[in-house]
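**Student:** here are the coordinates; sequence isn't available:
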């Protein structure tokens, strides 16, 4: 059986976590995710990009280069998939409104890419569920290597993450086949998980999810928040870390943009939970793929 961690926060030294994550961020404060702009890529900017195959459509991804980015550098990469459009929880489903990966990195050291789900007409991004799933998978497989080649992304240190729909998508998209599954160094999710419940789309059953999750092949997975309890019965699949994140204690909801406990914005606020998550990232970054 693989090693795993279940982290009740009162057993975690916040000082230890902060030391482990020190190489990711030195400023310990709330973050504001950069707004996406139409501009050439540059350090500290989050820009809209349209892939060659989708010129003339509204399909796009977002690219953020860390503030310390240099053309001759080599940088680990975080790939993110967003949640569904859900006004009640404040989620737009839009690529431009993702937050989770930026909060994890603090805007430093990592290239951060928010990938789209492609609608069935292949003319725009899907805001609810998967659109054309195969087109979504293929978009990542084609464009992620391109981005790494153009901007110094380290192909041996690519992480995939997501919130809500995106948390399911970490495996529903990120482990859809053997080719895309090989891209990732580690995985982190918040709220929901592939196979926890049936949502009504193809292959949403637990057996199908476990077939995808078998492609983890022992790699490191951080599961934050709720709706992944059944994975504690399948600890042979990966090196799991479970982190309960009580967003209702981190925020006085409703507070600012946080109108519901189901939110990816907890990563933008300084907390011991964020420290633990970043400590996990720092540790996995040093592991051999």
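**Tutor:** Good, I have the coordinates. As the structure is a computational prediction, the values presented were derived from the model and not from experiment.
**Student:** can you find the helix or strand of the protein with the lowest average pLDDT?
**Tutor:** When the helices and strands of the chain are scored by mean pLDDT, DSSP states H and E, helix 14-20 comes last with a mean of 37.
**Student:** any idea which residue is closest to the centre of this protein?
**Tutor:** residue 161 (1.8 Å; Cα atoms, centre = their mean).
**Student:** what's the separation between that one and residue 114?
**Tutor:** 10 Å (Cβ to Cβ, to the nearest Å). Using the backbone N, CA and C atoms, a C-beta is placed for each residue, glycine as well.
**Student:** list the residues that contact both of those two?
**Tutor:** 79, 80, 81, 101 (Cβ atoms under 8 Å, 6 or more residues apart in numbering).
**Student:** can you tell me the element the residue nearest to the centre of the chain falls in?
**Tutor:** strand 153-163 (DSSP states H and E).
**Student:** hmm, the residue nearest to the centre of the chain is touching residue 99, no?
**Tutor:** No. With contact defined as Cβ atoms under 8 Å, residue 161 and residue 99 do not form a contacting pair (10.8 Å).
**Student:** for the protein, just list every one of the strands.
**Tutor:** Using DSSP state E, the strands found in the chain span residues 4-7, 36-37, 46-49, 61-64, 75-81, 111-114, 153-163, 186-190, 220-224, 239-243.
**Student:** how about the ones you listed in TSV, adding distance to residue 250?
**Tutor:** As requested, the strands of the chain are exported to TSV (distance: least, Cβ to Cβ, whole Å):
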stretch	distance to residue 250
strand 4-7	15
strand 36-37	25
strand 46-49	24
strand 61-64	23
strand 75-81	20
strand 111-114	22
strand 153-163	15
strand 186-190	12
strand 220-224	12
strand 239-243	13
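**Student:** the residue nearest to the centre of the chain pairs with what?
**Tutor:** Beta bridges link residue 161 to residue 80, residue 188 when assigned by DSSP bridges.
**Student:** now do the most far-flung residue of the chain relative to its centre against residue 124, distance only.
**Tutor:** Going by Cα atoms, centre = their mean, the residue of the chain most distant from its centre is residue 56, 27.5 Å out. Here the criterion is Cβ to Cβ. By it, residue 56 lies 12 Å from residue 124.
**Student:** ditto for residue 97
**Tutor:** From residue 97 to residue 124 the distance is 15 Å (Cβ to Cβ).
**Student:** what are the buried residues along stretch 172-189?
**Tutor:** 172-176, 180-181, 183-189 (16 or more other Cβ atoms under 10 Å).
**Student:** do the same with stretch 252-263
**Tutor:** For stretch 252-263, by 16+ other Cβ under 10 Å, it's 258, 259, 260, 261, 262, 263.
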